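Chemist: quick one, structure for this:
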Amino acid sequence: MTSSVDPKRTPHFTSQKVGDYDWQALAKGLPGCQNIRGKLGENIQFLSRFISHESLYGDSEGARELIKALLLLESVDAPVSTSVISQTRKSLEYLTAYRGMLYEVGADAELCMRFDQLVQTFHSLLSLRDKARLGLMCSYGQLSQQLDIAS
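Modeler: Next comes the predicted model:
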């Protein structure tokens, strides 16, 4: 478990972190940037910011797994193969487990909500990629549209 999201954690002497991290600011991002590319864009921006935070203050192994998820979101238009679908499933499992860990430790509600959105995004992505194996296209636009309709 990453110590950076545990509200009951005790600071470690090697930590670069000073004070409490503002999770709401991390989840909300920069003012005016929320709806640049819809829900999918928001998820990509959030995940990118969270990875930066995790690599500095938290779990570097967790950051690596989250980078894999980010790369999948950024390459939705790439051709679908069995290895891509397999990695999408693994990332979905990791994000689901991470979200569960956040709820267990009582992490900030805004952060938990963002991970709920990421899990929903990966469910939609996996569904589109499974359809792509049947010959249908899987594109950034389709995933973005599906996420915007769902919310």
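
Chemist: immediately after the lowest-mean-pLDDT helix or strand in the chain, which helix or strand?
Modeler: The weakest-scoring helix or strand in the chain, judged by mean pLDDT, DSSP states H and E, is helix 23-28 (a mean of 51). Per DSSP states H and E, the first helix or strand lying C-terminal to helix 23-28 is helix 38-57.

Chemist: now the chain, which segments are flagged as low pLDDT?
Modeler: 1-37, 58, 135-137, 140, 151 (pLDDT under 70).

Chemist: just the helices in it please.
Modeler: For the chain, the helices defined by DSSP state H cover 23-28, 38-57, 60-74, 82-105, 109-132, 140-150.

Chemist: rebuild the ones you listed as CSV, extending it with mean neighbour count.
Modeler: For every residue, glycine as well, the C-beta is placed using N, CA and C. Listed next are the helices of the chain as CSV, based on neighbours: other CB atoms under 10 Å:
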stretch, mean neighbour count
helix 23-28, 16
helix 38-57, 19
helix 60-74, 17
helix 82-105, 15
helix 109-132, 18
helix 140-150, 16
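
Chemist: run through who's touching stretch 62-82.
Modeler: 2, 40, 43-44, 47-48, 50-51, 54-55, 84, 87-88, 90-91, 94-95, 98, 118, 121-122, 125, 128-129, 132-133, 138-140, 143 (CB atoms under 8 Å, 6 or more residues apart in numbering).
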